[in-house]
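> Build me a structure from this.
(2 chains)
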Amino acid sequence: MDFELNVEQQDLRDGFRRLLSDRCDHTTLRAAMSLPGAVDRALWAQLAETGVFSLRLPHDAGGLGAGMAEMVVVAEELGRAVVPGPVVASSLLAPYVEGVADGTVVVTATYPGAGDQLVEHLDGVDLVAFVSPGAIRVVPPSELVAKAASAPLDPLTPVHLVQTAIDDGASLVPPEEAARLWLEGTLLSAATQIGLAAAALDLATGYAKQRTQFGRPIGSFQAVKHLLANALAATEVARAGVHAAAVRSDENAPDPELGRAVGAARILASRAARRSTRACIQVHGGMGYTWEIDAHLLLKRAMVLDTHFDSPAGARDRLLASLSDA
Amino acid sequence: MRLAPGPEEEAFRTQLRAWLAESIPSLPDPPPADDWPARRRYDTAWQRLLFDAGYAGISWPADYGGRGASPSEELIFLEEIERAGAPYVGCNFVGTLHAGPTLIAAGTPEQQARHLPPILSGDHVWCQGFSEPESGSDLASLRTRAVREGDYYLITGQKIWTSHAHVADFCELLVRTDPEAPKHKGISWLIMPMNLPGIEVRPLRTLLGVSEFNEMFLDEVRVPVSNLVGAENGGWATAMVTFSFERGTAFVGELLKSQLMVRELSDLAKQLGQWDNEDVRRQLAELAADFDGLWALTRRNVTRAERGLDGSVGGSIFKLEYHDARVRMGDLAMELLGQAGLALGPSGPGTTDHVSEGLYALSLSIAAGTEQIQRNIIGERGLGLPKER
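Residues are numbered from 1 along each chain as shown, chains lettered A, B, ... in the order given. This next block holds a predicted model:
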């Protein structure tokens, strides 16, 4: 057992953190908000160049031959930088769809279920994947009858209401592989939420050290300190849970065990992201409730990610199934 | 990152399992919770078994008679003894996990030779005299006085929460040797034999009704100066050494038991026709996720200890989240059982008394640093936030 990032994984994390903090800062996010619907293709090309979409491809296919452990490390950094666009879907489907790995094709994902079908980033992508635990069907946006939502929850995640049902046609992968990708997508969404939680903690902690009231930095007050300590505690437990699921996946753990690990990671990451992003808003006081401070972007992205792949409710069912087995 | 065990870890586990399978059936039935002399006999007999098999002092260096196991091996050891239903460390807790390691780090060769072997073999039981009625979270404000008189310290004062004091042979005692110095700089760490005149031990009942710990009154107790460990007035530093023993393994047995308890509550929910109750399902799933996350965090903390990194924040985070989950599990048990929970005793298909376990959980946010102190540690060391003053 050696359950902490190794040197290569630390380098991967640090490299992406540097790149993304340069390339995807407050100003970039604000610029993206003023161009609703677009996917920043220059940013996308740069992400592709650094290998975000080809991490998992084998070396002879131009990839890095990375496992889920590396994927979750990178997903956390993408979350930390609040990178706009369908990054999880594109990195997951890159091995199956021509042009995604090198960044020339952008693919978004949607998850057929009860209720209205929504597609994120429809105007900015080349393909839409209808993803379920049993099948993945990919169509171009031109085949869909869709209407844009005028004011989406997350200003960086435009959504369209789609009237076209895509529930037959050939699946991109056989059912077992679709099931595996479903779990991996769930785990990468959870990892992205850890990044959002960490970003919220950084933002809030920096503010709590610098903002003074009653003649002292507010971070010295236990009421504020303990709020942030709770958020860090949830985030650290969730990160360990996400890493454990990724490592078990790389170690080819059998499905009930892997499903349970992914389910736990999902529940913990969702909770950590909620706790941390809300604490971030609270610590900023009135400013935290404004459009100007990035805190709401972190919270809203975390809410978006809760709707991808297994919802926390689906994850709960997965865990309960594992309790039933014994 | 790797969770799978290496070949050496696997071999260690296999060997240990075989020994446990052979040894556990030979143990007598556990004694009643309130019969302390019997509990001492039971716990030290188990320690003797471990000693004879070479498992005593699992994390102690081999030079001092220990096993010299790595944190990962210690984790395996704790997992396996919990799974096998072996006794808890019990009366041997302070000796093997606290006083012994402190003597290894700060004791003289004479002190080590006199005290370490009988701790390992289960011949000596130790207790801890740190906290006082007026010194809880602010431990360094302790007032128990030690006045030097020739080759002796004359000790007068009062200690509290001294677990096992009525069956202990020795006490690791913090005393004030210089009342004029700043509070952290006038404390000394002493070995106090428990058979000296002037020591009175009075049991304290916990809210569970058992006498888990004691008050200890000291009236001019004469302790030889040769029992000083570390420097005179350097006792705070000696006591802090013990923090460096934190290897992230303190709650391994409890955590496995908690995971089992979630299964037991699921079975209970099925038995009571509550398995399809959405609210019950949500609570059970959240608890399963919590304990799985803490399982992963434990492994992370152990790896950090193995890499020589500071484990204080990880340990504090574990305590905080573990307590929270355990209290919620107690609430769920009571909700499922309804009035049946009022009788206490084993609830449902297992042998666990889930309601009492829920009450026990309330101690987890108080003992060994309150939850409020843990949050200060997390905020200040983990996030770098300024201290309050």
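> Bridge partners for the closest residue to A:Tyr111 other than its chain neighbours, pull those for me.
Ranked by CB to CB, 6 or more residues apart in numbering or on different chains and with sequence neighbours excluded, the top spatial neighbour of A:Tyr111 is A:Val131, at 5.7 Å. Placement of C-beta: from N, CA and C, glycine included. A:Val131 has these beta-bridge partners by DSSP bridges: A:Ile136.
> Wait, A:Val131 touches A:Glu184, no?
No. Contact criterion CB atoms under 8 Å: A:Val131 and A:Glu184 do not qualify, at 11.0 Å.
> So in the chain, where's the weakest helix or strand by average pLDDT?
Using chain A here. helix A:312-325 (a mean of 86; mean pLDDT, DSSP states H and E).
> hmm, I had chain B in mind actually
For chain B, counting by mean pLDDT, DSSP H and E, that's helix B:235-241 with a mean of 92.
> Contacts only, for the residue nearest to A:Tyr111.
Residues near A:Val131 by CB atoms under 8 Å, 6 or more residues apart in numbering or on different chains: A:89, A:109-111, A:178, A:181-182, A:185, A:309.
> so where's the chain shaky on pLDDT?
No chain was given, so I picked chain A. By pLDDT under 70, the weakly predicted segments of chain A are A:114, A:325-326.
> that's the other chain; I wanted chain B
For chain B (pLDDT under 70), the answer is B:243-246.
> any idea where the helices of it begin and end?
All helices of chain B, identified by DSSP state H, fall at B:7-23, B:36-53, B:71-83, B:93-94, B:100-106, B:109-120, B:235-241, B:252-271, B:278-306, B:312-337, B:354-360, B:371-377.
> what's the closest of those to A:Asp2?
helix B:278-306 (5.8 Å; CB to CB).
> The closest one to helix A:312-325, inter-axis angle?
80 degrees (axes from the mean of the first three to the mean of the last three CA atoms, to 10 degrees).
> could you check the angle helix B:312-337 makes with helix B:278-306?
Going by the same axes, to 10 degrees, helix B:278-306 makes 160 degrees with helix B:312-337.
> I'd like to check the angle between helix B:278-306 and helix B:71-83, please.
Using the same axes, to 10 degrees: helix B:278-306 against helix B:71-83 is 140 degrees.
> Flag every buried residue along helix B:278-306.
B:280-281, B:283-306 (16 or more other CB atoms under 10 Å in any protein chain shown).
> go on, stretch A:187-202?
In stretch A:187-202, counting by 16+ other CB under 10 Å, buried: A:187-201.
> Same question for stretch A:214-234.
In stretch A:214-234, counting by 16+ other CB under 10 Å, buried: A:217-221, A:224-234.
> Strands - which of these land there?
Among the buried residues of stretch A:214-234, the residues falling in strands (DSSP state E) are A:Pro217.
> which one among the buried residues of stretch A:214-234 gets closest to A:Met33?
Nearest member of the buried residues of stretch A:214-234 to A:Met33, counting by CB to CB, is A:Ala231, at 25.3 Å.
> my guess is the closest one contacts A:Ala273, does it?
No. Contact between A:Ala231 and A:Ala273 fails when scored by CB under 8 Å: they sit 9.7 Å apart.
> Need the residues touching each of these two.
With CB under 8 Å, 6+ apart, A:Ala231 and A:Ala273 have common neighbours A:197, A:200.
> quick one on the thing from earlier: could you list the buried residues of the least confident helix or strand of chain B?
B:235-236, B:238-239, B:241.
> if we take these, which one ends up nearest to A:Ala66?
B:Val241 (41.9 Å).
> ok, that closest one - contacts?
By CB under 8 Å, 6+ apart, B:Val241 lies in contact with B:101-102, B:105-106.
> Closest one of those residues to B:Glu254?
Checking the contacts of B:Val241 one by one against B:Glu254 (CB to CB), the nearest turns out to be B:Pro101, at 20.4 Å.
> Can you verify my assumption that A:Thr212 contacts A:Ile218?
Yes. The pair A:Thr212 and A:Ile218 passes the contact test of CB under 8 Å, sitting 7.0 Å apart.
> Reformat the contacts of B:Val241 as TSV; add neighbour count.
TSV is the format used below for those (neighbours: other CB atoms under 10 Å in any protein chain shown):
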residue	neighbour count
B:Pro101	23
B:Thr102	22
B:Ala105	14
B:Ala106	20
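> wait, which of those is closest to chain A?
Nearest to chain A, judged by CB to the nearest CB, of these is B:Pro101 at 22.8 Å.
> That closest one and B:Pro117: what is the separation?
Applying CB to CB, to the nearest Å, the value for B:Pro101 to B:Pro117 is 15 Å.
> on that earlier part again, which one of the buried residues of helix B:235-241 is nearest A:Asp255?
Once CB to CB is applied, the member of the buried residues of helix B:235-241 that ends up nearest A:Asp255 is B:Val241, at 46.6 Å.
> so how far is B:Asp169 from the closest residue to that closest one other than its chain neighbours?
Distances taken as CB to CB, 6+ apart place B:Ala105 nearest to B:Val241, at 4.6 Å, with adjacent residues excluded. For B:Ala105, the distance to B:Asp169 (CB to CB) stands at 21 Å.
> thinking again about what came up before, please work out which of the helices of chain B is packed deepest.
Of these, the one with the most neighbours on average (mean count of other CB atoms under 10 Å in any protein chain shown) is helix B:278-306, at a mean of 23.
> quick one: that one near chain A?
Yes. Helix B:278-306 lies within reach of chain A by CB under 8 Å from any CB of the partner chain, at B:281-282, B:284-286, B:288-290, B:292-297, B:299-300, B:302-304, B:306.
> tell me the angle that helix makes with helix B:252-271.
Going by the same axes, to 10 degrees, helix B:278-306 makes 170 degrees with helix B:252-271.
> Which of the residues in the strand ranked longest in chain B are classified as buried?
Under DSSP E, the strand in chain B containing the largest number of residues is strand B:213-224. Using 16+ other CB under 10 Å as the test for burial, strand B:213-224 gives B:213-216, B:218, B:221, B:223.
> Please parse chain B into its domains.
B:7-88, B:126-233, B:246-382 (automatic domain parsing).
> of all those domains, which lies closest to B:Gly95?
Short answer: domain B:126-233, nearest of those by CB to CB, at 3.9 Å.
> end to end, how far does that closest one reach?
22 Å (CA to CA, to the nearest Å).
> now that domain, how far from the centre of its chain.
Here domain B:126-233 is found 19 Å from its chain centre; the criterion is CA atoms, centre = their mean, to the nearest Å.
> where exactly do the helices run in the stretch 201-326 of chain A?
A:222-250, A:255-283, A:295-306, A:312-325 (DSSP state H, counting those that start in this stretch).
> Please produce JSON lines containing these, extended by distance to B:Tyr153.
Output for the helices of the stretch 201-326 of chain A, formatted as JSON lines (distance: least, CB to CB, whole Å):
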{"stretch": "helix A:222-250", "distance to B:Tyr153": "37"}
{"stretch": "helix A:255-283", "distance to B:Tyr153": "49"}
{"stretch": "helix A:295-306", "distance to B:Tyr153": "57"}
{"stretch": "helix A:312-325", "distance to B:Tyr153": "56"}
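> Between the ones you listed, which one is closest to A:Leu153.
The nearest among these, by CB to CB, is helix A:295-306 at 5.6 Å.
> Give the other helices and strands that that closest one contacts.
helix A:175-210, helix A:255-283 (3 or more CB pairs under 8 Å, 6 or more residues apart in numbering or on different chains; DSSP states H and E).
> Packing partners of the longest one?
When contacts are defined as 3+ CB pairs under 8 Å, 6+ apart, helix A:175-210 packs onto helix A:68-80, helix A:87-93, strand A:127-131, strand A:216-217, helix A:222-250, helix A:255-283, helix A:295-306.
> Same question for the last one.
Applying 3+ CB pairs under 8 Å, 6+ apart, one finds that helix A:255-283 makes contact with helix A:175-210, helix A:222-250, helix A:295-306, helix A:312-325, helix B:278-306.
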